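Chemist: sequence unknown, structure follows:
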């Protein structure tokens, strides 16, 4: 079995494979050179929004960044322990499937610790996304407008609109979401 690489190691390896300096990556991603250096040295964990900005500049999506190389066909059924973790820290994004390559949708089982936030920088990407809150309270901000969702509540919007999520409750918030095309 392959030894799993850290975010810092994966990012450095990916940047070098693209023959890109930290300065050029900083310029293309809009993230400071100092921040990229701190992330690559393992001294800082990036938020989902910061990592997404960096990966956009490297032309890679979050799922592919965390996925292992494919060695066998995708299965039909995924047990809970087989979902691919593509989040980190206080947010867990567990993806159905090993990769989004060749897929038209991305399905995630999301968990937000109390106070967890997708980041101060709103996310924006092509396509649509929707989800259903299973438990807890989720604050969804789309185009600067705030919505509070609880168990059974759902959302659906064009993901080109600036958006972010935050757990405003005192307990873990859990939801299932889908994005088409898969988010980068």
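Modeler: Nice, thanks for sending it over. Note that the structure is predicted; figures quoted are calculated from it, not measured. Numbers count the residues shown, from 1 in each chain.

Chemist: by mean pLDDT, flag the weakest helix or strand of this protein.
Modeler: Ranked by mean pLDDT, DSSP states H and E, the weakest helix or strand in the chain is helix 62-66, scoring a mean of 82.

Chemist: give me the helices and strands touching that one, please.
Modeler: For helix 62-66, the elements it packs on are helix 7-17, helix 48-57, strand 84-85, judged by 3 or more Cβ pairs under 8 Å, 6 or more residues apart in numbering; DSSP states H and E. (Glycine included, C-beta is placed from N, CA and C.)

Chemist: give me the contacts around the shortest one.
Modeler: Right, the one you point to is strand 84-85. Residues outside strand 84-85 that contact it (Cβ atoms under 8 Å, 6 or more residues apart in numbering): 63, 66, 67, 92, 93, 94, 95, 97, 98.

Chemist: quick one, grab the pLDDT at the closest residue to the second one other than its chain neighbours.
Modeler: With Cβ to Cβ, 6 or more residues apart in numbering as the criterion, residue 66 has its nearest non-adjacent residue at 4.4 Å, and that residue is residue 86. Residue 86 is assigned 84 on the pLDDT scale.

Chemist: same thing with residue 69?
Modeler: 51.

Chemist: deepest of the helices and strands packed on helix 62-66, which one?
Modeler: Each of these was scored by mean neighbour count; the highest is helix 48-57, a mean of 21, by mean count of other Cβ atoms under 10 Å.

Chemist: follow-up on the earlier one: tell me which of the helices and strands packed on helix 62-66 lies nearest to residue 35.
Modeler: Closest to residue 35 of the helices and strands packed on helix 62-66 is helix 48-57 (Cβ to Cβ; 7.0 Å).

Chemist: I'd like to know which elements that closest one is packed against.
Modeler: Helix 48-57 sits against helix 7-17, helix 22-29, helix 33-40, helix 62-66, with contacts defined as 3+ Cβ pairs under 8 Å, 6+ apart.

Chemist: quick check: mean pLDDT of that helix?
Modeler: For helix 48-57, mean pLDDT is 90.

Chemist: one step back: residue 117: which of the helices and strands packed on helix 62-66 is closest?
Modeler: Per Cβ to Cβ, nearest to residue 117 of those: helix 48-57, 9.0 Å.
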